[in-house]
Structures are given as structure tokens and as C-alpha cells.
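>>> 3D, please:
(chains A, B, C and D)
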Amino acid sequence: MKLSFSSEDEKFRAEIAQWLSDNLVGEFEQLKFRGGPGDEHMFPEERKKWEQKLAQGGWTCVGWPTEYGGRGCSIEQQVIFNEEYARAGAPGRMGHIGEGLTGPTLIAFGSEEQKQKYLPGIIAGNDLWCQGYSEPGAGSDLANVSTKAHFDQEKGKWIITGQKVWTSLAHESDYIFVLARTDPDSKAHKGLGFFLVKMDQPNIDVRGIKQITGTCEFNEVFFDEAQCDAQDIVGEPGNGWAIAMGLLGFERGVSTLGQQMQFQNELNQIITAAKANGSHQDPVIRQRIADAHIGLKIMRYNSMRMLSGGGNNGELRQEALIYKLFWASWHRDLGELAMDVLKAEAEILESAPYNLTRMQSMYLFVRSDTIYGGTNEIQRNIIAERGLGMPKEQRLIKNS
Amino acid sequence: MKLSFSSEDEKFRAEIAQWLSDNLVGEFEQLKFRGGPGDEHMFPEERKKWEQKLAQGGWTCVGWPTEYGGRGCSIEQQVIFNEEYARAGAPGRMGHIGEGLTGPTLIAFGSEEQKQKYLPGIIAGNDLWCQGYSEPGAGSDLANVSTKAHFDQEKGKWIITGQKVWTSLAHESDYIFVLARTDPDSKAHKGLGFFLVKMDQPNIDVRGIKQITGTCEFNEVFFDEAQCDAQDIVGEPGNGWAIAMGLLGFERGVSTLGQQMQFQNELNQIITAAKANGSHQDPVIRQRIADAHIGLKIMRYNSMRMLSGGGNNGELRQEALIYKLFWASWHRDLGELAMDVLKAEAEILESAPYNLTRMQSMYLFVRSDTIYGGTNEIQRNIIAERGLGMPKEQRLIKNS
Amino acid sequence: MEFSFTDEQKMIQDTAQSFLAELSTSNAIRSAMNTEQGFDNDTWQKICSQMYWQATHIPEEYGGMGLGYVELAIMLEKMGQHLLCSPFLSTVCFGANALIVAGSEEQKQQYLSQICEYGLTATLAYTSSNGIWDAEAVQAVVKPQGDGYLLSGTYRYVLDGHTADTLIVAARSEKTQGDDGISLFIVEANTSGIKRTWLPTMDQTRKQAEIVFNEVELKATALMGEYQRAWPALKQIIDLATIAIAAEQVGGAQKVLDLSVEYTKERVQFGRSVASFQAVKHQAADMMMRTEVARSAIYYAACVAQEVLSNCVSLSELSEAASVAKAYCSDSYFKNAGDAIQLHGGVGFTWEYDVHLYFKRAKSSEVLLGNSAFHRERVAKLLLD
Amino acid sequence: MEFSFTDEQKMIQDTAQSFLAELSTSNAIRSAMNTEQGFDNDTWQKICSQMYWQATHIPEEYGGMGLGYVELAIMLEKMGQHLLCSPFLSTVCFGANALIVAGSEEQKQQYLSQICEYGLTATLAYTSSNGIWDAEAVQAVVKPQGDGYLLSGTYRYVLDGHTADTLIVAARSEKTQGDDGISLFIVEANTSGIKRTWLPTMDQTRKQAEIVFNEVELKATALMGEYQRAWPALKQIIDLATIAIAAEQVGGAQKVLDLSVEYTKERVQFGRSVASFQAVKHQAADMMMRTEVARSAIYYAACVAQEVLSNCVSLSELSEAASVAKAYCSDSYFKNAGDAIQLHGGVGFTWEYDVHLYFKRAKSSEVLLGNSAFHRERVAKLLLD
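Numbers count the residues shown, from 1 in each chain, chains lettered A, B, ... in the order given. The predicted structure is shown next:
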């Protein structure tokens, strides 16, 4: 075990820090600390430009292999990139679905043609992606897919009909990947296909879902005989579940340390507020701020363990299994702390009609953390079943 | 709604308070604040004498109807009796099973012969009872009874074989009531009988279960062809479950306020300790002591609601349904508070080899509160199912 | 001792339930909360003229119904349950209580009668921006001037402060602190020198305002009670209002439980109703436990409040009952509302479902008049100092 | 950055696991804990001579193995998991650490070598009866006398204080307070004027003692470090020991989880394994979450400890890492142990099953060197003051 980074890595850290300091200026200055979760609706156009700026600097897809146009960074360097990116207050990435999910999925499972068609747009920061997984009525039950796809021989295209929900940034995206049922008689995780679909077509309708914050970050996406080219199914029809699961595997990893740096920014803001209004002398608040700090530190150590291949027990990766439950619960508590530090002022909006302060927005938005991407309850099931070998929950049709 | 007691009730309060003050002296002085849960092993002989003293004063079975030799007290007066009893620090009752469970059961379900045979001994404080419900391997699943009873025509007696567990005071008791299977082919709550069994017979063996405290309060009771007179089955063979359930219904009620007065004694002890060692200036401890006080107050108000027939929603008695879960969890937290108030001194025993202080004993013993009499988990099931109409848990044989 | 509802009280509860179920629908709430005023005039008039609720515990000699605080608590619980948008809490539980506790006979005759008669609205302003809820909250300064007084200062977080017809305000004499030197005044909101500004809040169902007094001249008759010695009265008013808020909180805690049970029973996941999962059942069971004991706490506190208003029990008992109720009900409502979002899953944090409205009300009610940590420390002082 | 075990570390872990599984059985624990000494001499000799564990992180020049704090933490985790009754923590994590941090070359040569060679036992005494764990804990008084010193005072809660061969003691000069005026001494336990008394404790698996110094004369060579300026060193020793305890706590937290999973899988209730109930699974999942992040905390803290011992990082980083680890591990172990009792049902609070031994160790370890509230406040000072 070793805590420090190599001098080469520290050079890399200096390089990205310098680039950010040089480039996150002028028209991009206003994007600092904006556009994260709960703030996704802010500055979409400017942040699209920023994606392209990043690409020009060679700072998109830093973890992708060089053969596919990535920077081929090591895990350590990806960690450093994410840390410095967040430390500089660089804006929430609009390209993160393409870079973090679509790209790795295509690199692992896509055809050569798909790679050539889609990867360059992602790297260039031109093509934004969103994900079409969840369906209304399915919730945490991801395999419960009703969206249908059939191949129209005449048109030579896949025809997709159905509805997806909780799709971040759908209204800003160029493409969506969609899990749809290719075998109409199939059930659960069998008979699914994984499709790459252009958003700009008349048969796709995007409607924002207004959230607790009064803003729309998530969307419903309606497919009414939407079309998808024959070659834009990843893998074989019927094999979509395996690809979707592989993709979910890409979701954890190096981005956690960047996320933590955002959490640190939020905690710093809370500490500043506490010192400003005297809450920092309240012994109960002191305990809670310390507790938040301790939780964040431990989250970081845990991520370092995850990224180093785990510190214990070989294959099972327990420390990765519990990560979502830990950070989601921690973040929810942080929201409550933010409000309690502000005392009565916590209630007062930035302005009418319903413009929240950043801390209010965080406080309200974190309530979704324990729900999306597997609720806390689902996470606990998974931990108990996979991590501890306890019996699986039963499907009980017709429960009294 | 009215908070105050009538002047007649206040006269009753003065009477019992005076009696206790006059009689809890001399040889009984040492019993003050002793013999409660976790301390049941202390002074058994002296406490048996105290039961008889109480009886002489007419202070046993105060809630029983006068026609059966009770004092016929109103609910209010029973509350007052229990409050004053605990306030005076009068010792944990050894006759509480007979008075609170056996008696009411016989009054409700017993034959005239059974009433005449057993009630007077209970009232006089001479006959102590214990309960034979739980079995090893059954735990919270009360209907899972393996103990068997068959009627031996020749001897004209019921013959009982099996094992009961978690039986408080079995080694001090004269009688035990036993739930046993009269129909060997029956399952669950069918085919059971409810028996009144004399402890003093060679075929019953009592073994203490050493607890976390190092003392034995609970016992295992082994029945190896133990005998029970033909007339000592309550109700019909096969009907035992209904009687057992009726009996459990007697467990809640007026005694709760007396229990709370014991809790108040414990909390007072904690507050005294905090003031003595300066913990009362620690803001975190202050919050926790206040929280304990608030919980106890609310527990009292809730009991008052229970005893007044509920303040809301008519029949369902939600406030009674949640009571066990609330007090057990509260008491568990109180134990932790007691230790944390004492700081490092919390660890130090009264003396070797393992003589606990009262506060340590309380701290350790409260861990059983959330388990016996229906674990917190069972309580939550019951609340959700009966109180909220949510679906029942499934019996799943062969769960993977 | 009698700790259950009388038949009359049960009737009041049933009436409130059916009236509010019809009046305070999700649509009505959303329409009212989107206005600066925060309530619908017709609704308020219906409450005042049809139901006469604002007069519930006001003595009969001032046109009130002369009922008790328990009856008031029953209504408040139902208002919390139905998330009623109205100036009821500010007018009745701050305004009328202040008049009952501290008003002179003339003030009572004048103002209580108007509240009863046509729903004159009123509120209490005492908090500055320091986020404190006890005597130190009072930072506005008053001094004698001529026959009357001159008052300057800024109040924040004043419930319905921008719309109330009448203001009851606390101020302190210069160079005083703590409990000393505090006076109470009643003043028409449109008096010259008073500037009132709506403070938009996260919880849109109850409005707050900032009120600035810029050298406002008050007549001698504006004084309530004794000059510079108003803290005991003000404390009592605050305690009474605290109990009122706790009663509302119980209603809210019950409602989010009801919503959650209903939703999880209907919602199917993994081939079974969500309500059949033990983790869901146990969360709901805990919600019910909190709600029921919280309910016991407010009925008790309401009894104490009633006895105080009938001059039967000591004020310290009122303070304790208020803090016990507020500490427990604040935590219970907030936890329940948070759990309700969780049990609703994805739709729980949408604007469309009502859960978030309760979640936000839970927080604003928790903060109002001090959160649970504040009230626990108040209890700790009684026990330990 | 490299945050996983080397092959050598994995081997150390495996060896410790198999050695302790055989050595520290339930019978062995129960037999040792029932003695006043609290450990079995043969066991301690096996650890010292066969395994040489006491020498793990002691530098090679004093006969040690010269390994790092991570290796030590790995062993401590396993000792906590197997509830080993031994003077390892007192000797190595208090005694040897004190010598490494504050000992003179002569003192190191003399004492560290004896620890390595034949398992000389040692402990640190600094706490009085005031229940405090930082500098104010030091209440014993020392003054110069002749060439040496005169020390008087009472220490409580001293780990293995009644059996240790060697004592390292902290005392302060008269009229000093806080961090000032503290000195450290090393002294043979059988020195005249020292009275040692076993303090029987709830947790029987680790012994505490009271030690009274009655005008004990100390030679000049007994002084460790600089006279009256020992607090920074003492603080570092305490921080290092704090990390050691946290490592043990993680092992215990893991063990009670393992026991619970095993028991609930086997136990059948209502026709199904108890482990199949979602409420049980979710409690176990939370236990695993706490254990895993706690484990991450101690590996990190052990790395920091190692870097401190190699003089690479600042002492404030050590304090923070120690407090982060101790605050989190204390709560995690205690919660896990309490949950384990609950998941065991009735047998969970019997003497026969081992759960209660862990439950008691969890509490005593939580208290030792400050509970989580204490360490959170230490962190708060770093962040907020």
C-alpha cells in the first residue's frame, strides 16, 4: 500500500490543472461549479461548447484506449483528471453518457462499423448521448421492458415503439441507446435488443419531468414507430440484456473520485456558511459537520481501494458493492446538514417564483440519489445476496 | 380530554403511597428498587415475603373483580397503584405472572373449579406462576409448539413431554401454564391445549440460562412425562391457541405506567450520574438526555391514550399496536446513554468476578427488550399488516 | 383522567376531515401556493363564515366559540393533513393567542371580535435574522416618545407578514438583552413607516415575509401588557403556537404515511406489490409508530395548553409540553416525509405527485419556532441546569 | 498510489487468520478472560516466539522485523476478529510505539530489544479518572528531585496495567494545564511506591488497572524526550494506538457480521430461513457496508501511520486519520455488535453464544481513547476553529 502518486502522475496533474486554469475563463467562467446533478438544466448551450473546448485540448475520453482515439490514461491519471476537473469547478459534463457508457460499450461489444460511426463524435464533444433504460411501471425492475422493436424488412430498419423514463438530458442529446424487446413473446431479461437511435426524428417525443426542484432534468421519451438503422443494433437481437449489464458495469469507477470532489465543494460551501452565521459554534452542528467530513474521507479511501483492485478477499469486491448505498445515504444527509446550518434562512429562495439557491437545490435533489441507479433497498438486496450469500427475494404473483 | 384525576382517585393515591411508606421498611428496606427486569435473580426469598405482605394489605390483584377476591379498582386506580408502587421503589413483583396472566385467563376462560383452586393462592401471594410458551427452535414463531400432551386414561392424567425456554422465574415458581400439542398430527395453532401444571414434581427439570449479564433470569424447563390433573386443562383440548392469544392480550395495559415509572427511576439515576461527573455539561449528552426524557414523556402520554380507549380512529387501537416497539427501542437507547454518561468509568464493575452495577446490568439486559415478547422485526410486521393492511409475509419452504 | 375524544370532539374531527377533503385538494393547494398571497380569499372566507374555525378557542365574550385547545389541535391536525393554504396558523395561533394572553380588555374587544366576525388576519413578528427563536430573537428596538413609542428594526420569517391586517410585534429597549426589556405592541399593518416584503420560500404552502419598521410611531394604546416586561407573555404565546405547529405536523406525518401505503400497495415491482416487501413494510411501520406517539404528544400538549389558558397549570409545564411535542413531531414529520419520497421511488421526487409538498412543509415546520435540537436543549435546561 | 495488499501482506493476513483460528478459540477466550491476568502465558509466548508478531513494526536495529504499520494493522484486524486475549495491544501499540516515538537510543536498545527478544510486556499510563482522553487526562504530578524526579498520582483505565512489566507514564508539572508541562517516563512496574490494582471490567477480554504512584522516585534516565515538552510525542503515541484499536474494531465488526449471516442462514422461523427475510438481509447489508468502509478507513490510517513513522507526513494528518478511523470504526463495531445480538434473537443475549463477548469488546474499544463524539469534535476543531 502506498498513498502517494508517482512523479509522472504528478506531472500529469500539473498539466490538466494548468490547462483548466488557462481555459476555464472568459465565456466559460460563468460555468464554474455549475451543471452538476440537480443543476443539469443550467447553461446547456455554453456547456456544449465547453465539451468541444475540452476535446480540442484532448481532454475528452481520457481513459479510452489510444487506438480508438482516447488518451489511454492509467487509472491513476483518470483519477487525477477527475479530481482536478472537479477541484477547478469545471462544469458538469454533458458528454458523460457517451464517454462513460456508450463508448466503452461499443468498444467492448460494438461492430467495427459502429465504432467508426459513433466514437469520433463522442471524442470531439459533438455528439451527446442519453440512455433509454427505465420504463414507467418498471422502476427498479430493469428487465421489465415493454418497449418493442421489430425489423421492418421493407424499410430495412428497426421500428421501435414504447416509452422510456428518467432520461437525463434527453432534450439536449443527439442519440439515445435503447433497450427494447425484439422477441414479443419473451419475458424479463430474455429477448431484448440494444439499439443506437438518433434523437432527431419525428417519431420521438421528449417531455421533461418537472422535479421536486421545479426544474426539469429528467425526461420521458416516447417512441412512436421510431426508426433505427439495421446496423445500429449492438450485438444480436435477443442479446441486449448482456450488453446492458456490461454497460452498467462501466458506471462505477474512476468518476467516483471526481464526484467526491464535487461533494467536497458542497461540504466546503456548508462550512463557509456555518462560519458566516455562527452555526460552527453549535456543538450539535459541529458533530454533524465532522461526521460529514469523516464520511467523505472514508468514501475517498474506499474508492481508492476499489480502484486498486480491493484490499481484501480477492474477487468479491465488497468495497465496490456497498459504494452506491454509502455515497447516496451520505449525500442525502449532507443535504439536511446544509439546511440545518442555514437555520431559518434555509427556507428563503434566491428569488421568486421558485429559484432555489445552490444549497437548496442540492438539498432537494439529493433525495433522488437514494432512488435512481438502484434504490437503497435494491442495493441492500444486492449486498445481502451477492455479498453475503443470503437468499434471494421471491417473485410473488398475487400477494394478498 | 382531561389530565387530572378525580379527588377520589387522589385519595386512593394517598392511601397506597402511605401504605408503601409504612410497610416498605425494616427487612423490606433492602428491596427498594430491586428485582426488576435484569435484576430478577436478587432477593427471591425476601421478595416472596413481600408478596405476602402486599396481600395482607389488600394490594395484590387490585384490578381483579371483587367477586374473585380482587380489589375491583378502576383503570385510573390501577394506573395510580402502579405509579405509586414504582415511585416508592417497591421491588419487582414476583407474582406478576399469576396476577397479570394466569388470573385474568382463568377468570375469562377457566372452570369454576379452576377459579376456586388457583385464584386464592395468587391473591394471597403464596402461589407463584411462570409461563411455558416459547420453545427452542421456535423463537418468535409461537405456534411452532413441539411439546406434546396426551391423556393417560389409566392414570386419569395428562402426560406432558417437551421443552420450554425463556421462562422467567421458573426455579422460584409453584405453577407453570403450558401450551402443548394435544393432537399429535396437528400443525401450527391447531390441536393445542392449555395446561396448568404443578412445578414440584420429579418429571420437571429447570435449568437456568446464563445471560449476557452473567446471571440467570430465564430458564429452560424440561418436561419428561410430567403429569397434570385431568381437570387442569383450560378450555377444551385443541382450543389452547385461543386461550394463549387471549392471555397475551392481558399483557398490555395498566402495568405500562408502572414500567414507565421504573424507566423514570433509571433515567433519574442517569441524570444524577451526569451531574456528578460533569457529563451534564456535554452538549451531545444533553441532547441525548433530553431525547430520553422526551421519549419517556411521550410514552406516558401514549399509554394514557391506550388506557382511555384510544384517541383516534375507533377500533384499531394504533397507539397500542406500536407500544412495544416504541418502549423496547427507547429502553435499548437508554442503556447506551447510561454507559456514555459514565464515560470510561462505564466499564468498571462493582466487583470481581462479574458483579455488574445496576446501570451496567440495565444496559446489558435491555438488549433483550427488543427480542422477547415479539422482536422489533415481528412488531413491525404486525404493525404493517394489522395497522396498515399491508400484505402478509409468506411462509417459504425451501428458500434457495 | 380522561384521554380520549368526547363525542363532540369526534364530530369536530369528522367535520374538519370532510370539509378539508373537499376544500383543500391538490389543485387548490397548487393554485394557492403559486400566488404571493399564498391563500385563496374565498377559501379563507368559507373557513371563517361557514365553519367559524377562526373563533374556535376565542372566549365567547369576544364572539368566539369558547372551545378548548384540544378542539383547536384537532382542526390543526386536519389542516396539516390536507396542507391547507390559509392564514389560520398566523391569525389564530399567533395573533389570537397573543391577544388572549397579553391583550388588554380593549384590545381583545377590538381585535378578537374582528377575527371572529369577519376573519381579520393577524400575525406575530418577533424574530430578527439571527436564526434564534427565544428571547434573543428579539432585536428590534423601541423607546418611549411622547405619549407613545418609537419602534425600529427588521423582522424576518414572519408568517403571512406581507398579507396580515394586523401585526403584533416584539421589541426591546436599548441596551437590554435576554429576557429583559422586551415589550409587545399591536399595530395596523398599513401604519406609515412599515415596509413589508414577501420572502419566497422553499415551502410554497405557507408564506413568510420581512417586515421593516423604520422609526414607526406607536400610540400608547398599542402597548400589550407591561412595558419592558412582556417576555413571560411572549414566551407563553410562542409555546402555544409551538403546540399548534406540532399538531399540524402530526397531520402531515399521517398523510405521507397514508400516501405511501396507498402507493406501495398499488405499485407492482418484480411481480409483486411493493408493499409486500418487508423492508417497505418495516419503513411504513416505523412511520406509523412515529405518527401515533407524536399524536399522543400533541393531545397531551393541547390539554396542557387548555389548562394554561384556564390558568390551572404552571407555565413551565407548558414550555416542557411544547418542547416535547415540537421536538418529537418535527423529527417524525420530516423522517416520515423523507421516507415517503423513498417509498414512492422515482415519482416521489417529481413535482406532479404531492409528496414533495409535504416534504417541504415538513422542513419549514421543523424550522419554525425552533427545530428538535433547539427544543431538546430547552428540555435539557429544565432537567440539568 | 497503490491501495491494495502486496503478496507479502496477503500472506501475513492468511497466516494470522489460520494461527488465530486455532489459538484463540471460544474456549481459549473464555478461559483467559476469567483470570485476573487476562491472558494465557503460553499463548503469549507462542505469539512472541513462534510468530514474532510483537516485533512486526519495530526497527531491525532493535531486533524487530522492520515491517510497516499496514502489516501491524492486518494482524490487529485479525486479533480483533478472533478476540485474542493478550497483552499485544498494550505492549506493541502503546509500549513499543511510545519507545519508537519518544524513547532515547538507550531506552530503545534496552526495552525494544527485550520486547522483541522475549515478549517483555509494557503499557502506557496517562489517564486519570476524569474520563478525558486528551492532554487534560494527564493529572499525575511530577517535579525534579535531585538528579531525578518525584512522581505522584493515580492512573485509571490502564490497559494490562496490573500485569505489564514496564510502564510508560505521563505526568505534568505543578500548575500547568492543557498541552503544557507534560513529561513522559519509563519505569519498571515493580518500582517501590507503585501500587497496581486490577479493575474488573464488563469486557472481560481486555483487562484494565488502576495504578497509584505514591512519591515514586525516578532516575534521570527514566525521562523520555524533553522534560515538560512531551505532549506532541504523547499525542502521536496516542494517535498511533488509536489507529491500532480501530483496526481491531474492524475485525470485530466483520466477525459479528459473519456470525449473524451464518446463524440466520441456519435458523428456520415461520417455515423459512431467517436470512430470507428482507429486514434481516437489509440489517446484514448495512453491517457489511459499515464494515467495508471502516476497513478502508483503517488501511488508509495505517498508511498514514507508516508515513509518520518514516517521517513523511505531518502530524496533523495523523491525528485526522486516527480520528476519522476511530470515530467511524467505534460506531460501526458497536452498531454491528448490537445488530448481531438482535439477529441472533433469544440466544444473542445468552452467555453461551459468543456474540455478547464481541458486544462488550465493542463498547470497551469504543470508550478506549475516546468515543466517536470525542473524535468528531477533534475533527471539528480542525475544520471549524
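>>> List the buried residues of stretch C:93-109.
For stretch C:93-109, a neighbour-count test (16 or more other CB atoms under 10 Å in any protein chain shown) marks C:93-103, C:107-108 as buried. In short, each C-beta sits where N, CA and C put it, glycine included.
>>> for residue C:229, what are its contacts?
Neighbour list for residue C:229: C:182, C:183 [criterion: CB atoms under 8 Å, 6 or more residues apart in numbering or on different chains].
>>> again with residue C:204
A:354, C:33, C:34, C:38, C:357, C:360.
>>> Just put these in a markdown table and tack on pLDDT and distance to residue C:209.
A markdown table is the format used below for the contacts of residue C:204 (pLDDT from 0 to 100; distance: CB to CB, whole Å):
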| residue | pLDDT | distance to residue C:209 |
| --- | --- | --- |
| A:354 | 96 | 17 |
| C:33 | 98 | 15 |
| C:34 | 97 | 17 |
| C:38 | 98 | 10 |
| C:357 | 98 | 20 |
| C:360 | 98 | 18 |
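>>> and the gap between the residue in chain A positioned nearest to chain C and chain B?
Per CB to the nearest CB, residue A:343 is where chain A lies closest to chain C, at 3.2 Å. Separation of residue A:343 from chain B (CB to the nearest CB, to the nearest Å): 17 Å.
>>> what do you get for residue A:233?
Distance, residue A:233 to chain B, by CB to the nearest CB: 34 Å.
>>> lowest-pLDDT helix or strand in chain C?
strand C:268-269 (a mean of 88; mean pLDDT, DSSP states H and E).
>>> is chain B contacted by the helix or strand just after that one?
Going down the chain from strand C:268-269, the next helix or strand is strand C:272-273, by DSSP states H and E. Yes. Using CB under 8 Å from any CB of the partner chain, strand C:272-273 comes into contact with chain B via residue C:273.
>>> Work out the gap between the least confident helix or strand of chain C and the centre of the chain.
39 Å (CA atoms, centre = their mean, to the nearest Å).
>>> Also stretch C:164-178?
Relative to the centre of its chain, stretch C:164-178 is centred 19 Å away, using CA atoms, centre = their mean.
>>> Pull out the buried positions in it.
Buried, per 16+ other CB under 10 Å, within stretch C:164-178: C:164, C:165, C:166, C:167, C:168, C:169, C:170, C:171, C:172, C:173.
>>> Okay, domains of chain A per the record?
A:7-94, A:129-240, A:252-387 (automatic domain parsing).
>>> Quick one: closest of those domains to residue D:233.
Comparison of the domains of chain A against residue D:233 by CB to CB identifies domain A:252-387 as nearest, at 25.2 Å.
>>> Show me how far the closest one is from its chain's centre.
15 Å.
>>> Also stretch C:68-81?
11 Å.
>>> and residue C:176, backbone torsions?
phi -110, psi 160 (degrees, to the nearest 10).
>>> Tell me how far it lies from residue B:378.
58 Å (CB to CB, to the nearest Å).
>>> hang on, the earlier thing: and the buried residues of stretch C:164-178, which is closest to chain D?
Nearest member of the buried residues of stretch C:164-178 to chain D, counting by CB to the nearest CB, is residue C:172, at 30.4 Å.
>>> Next up, the contacts around the closest one.
C:138, C:139, C:140, C:141, C:142, C:180, C:181, C:182, C:183 are the contacts of residue C:172 under CB under 8 Å, 6+ apart.
>>> Which residue, other than its chain neighbours, is closest to the residue of chain C found nearest chain D?
Nearest residue of chain C to chain D, counting by CB to the nearest CB: residue C:278, 3.8 Å away. Leaving aside its chain neighbours, residue C:278 sits nearest to residue D:278 (3.8 Å; criterion: CB to CB, 6 or more residues apart in numbering or on different chains).
>>> need the contact list for the one you found.
Per CB under 8 Å, 6+ apart, neighbours of residue D:278: A:381, A:393, C:277, C:278, C:279.
>>> from those, which has minimum pLDDT?
Within the contacts of residue D:278, residue A:393 has the lowest pLDDT, namely 86.
>>> Give me the distance between that residue and residue D:68.
As judged by CB to CB, residue A:393 and residue D:68 stand 44 Å apart.
>>> picking up where we left off before, can you flag which of the buried residues of stretch C:164-178 belong to strands?
With strands taken from DSSP state E, the overlap with those comprises C:166, C:167, C:168, C:169, C:170, C:171, C:172.
>>> gap between the nearest residue to residue A:375 once chain neighbours are set aside and chain D?
In space, and not counting its chain neighbours, residue A:375 is closest to residue A:140: 5.5 Å by CB to CB, 6+ apart. Residue A:140 is 14 Å from chain D, where distance means CB to the nearest CB.
>>> Of the buried residues of stretch C:164-178, which pair is most distant in space?
Using CB to CB, the buried residues of stretch C:164-178 span at most 27.4 Å, a distance reached by C:165 and C:173.
>>> Count the residues that sit near the residue lying closest to residue C:178 once chain neighbours are set aside.
Nearest non-adjacent residue to residue C:178, counting by CB to CB, 6+ apart: residue C:135, 5.4 Å away. For residue C:135, the count of nearby residues is 20 (other CB atoms under 10 Å in any protein chain shown).
>>> Show me how far stretch C:165-183 is from its chain's centre.
21 Å.
>>> so where do the strands sit in chain A?
Using DSSP E, strands in chain A cover A:129-132, A:148-152, A:157-165, A:175-181, A:192-198, A:204-210, A:216-229, A:233-238.
>>> ok, whichever residue of the stretch 151-300 of chain C sits closest to chain A - how many residues close by?
Nearest residue of the stretch 151-300 of chain C to chain A, counting by CB to the nearest CB: residue C:271, 3.8 Å away. Counted with other CB under 10 Å, the neighbours of residue C:271 add up to 15.
>>> per-residue confidence at it?
For residue C:271, the model assigns a pLDDT of 85.
>>> Next one: it from residue A:166, what distance?
Distance check for residue C:271 against residue A:166: by CB to CB, it reads 21 Å.
>>> Can you pull the poorly scored residue ranges out of the stretch 251-385 of chain C?
C:312 (pLDDT under 70).
>>> isn't residue A:243 right next to residue A:194, touching?
Yes. Using CB atoms under 8 Å, residue A:243 makes contact with residue A:194 at a distance of 4.3 Å.
>>> out of these two, which sits in the busier spot?
Taking neighbours as other CB under 10 Å, residue A:243 and residue A:194 compare with residue A:194 leading, 28 against 23.
>>> residue contacts, the more buried one?
Residue A:194 touches A:105, A:109, A:177, A:178, A:179, A:233, A:234, A:235, A:239, A:240, A:243, A:244, counting by CB under 8 Å, 6+ apart.
>>> Equivalent analysis for residue C:149, please.
Neighbours of residue C:149 in contact, by CB under 8 Å, 6+ apart: C:142, C:143, C:183, C:185, C:217, C:218, C:220, C:222, C:223.
>>> helix, strand or coil for the closest residue to chain A within the stretch 101-250 of chain C?
Residue nearest to chain A within the stretch 101-250 of chain C (CB to the nearest CB): residue C:131, separated by 3.2 Å. On the three-state scheme (DSSP: H, G, I helix; E, B strand; the rest coil), residue C:131 is labelled coil.
>>> tally of neighbours for it?
Neighbourhood size, residue C:131 [other CB under 10 Å]: 21.
>>> which residue ranges form the helices in the stretch 51-200 of chain C?
With DSSP state H, counting those that start in this stretch applied, the stretch 51-200 of chain C shows helices at C:69-81, C:88, C:97-102, C:105-107, C:113-118, listed in chain order.
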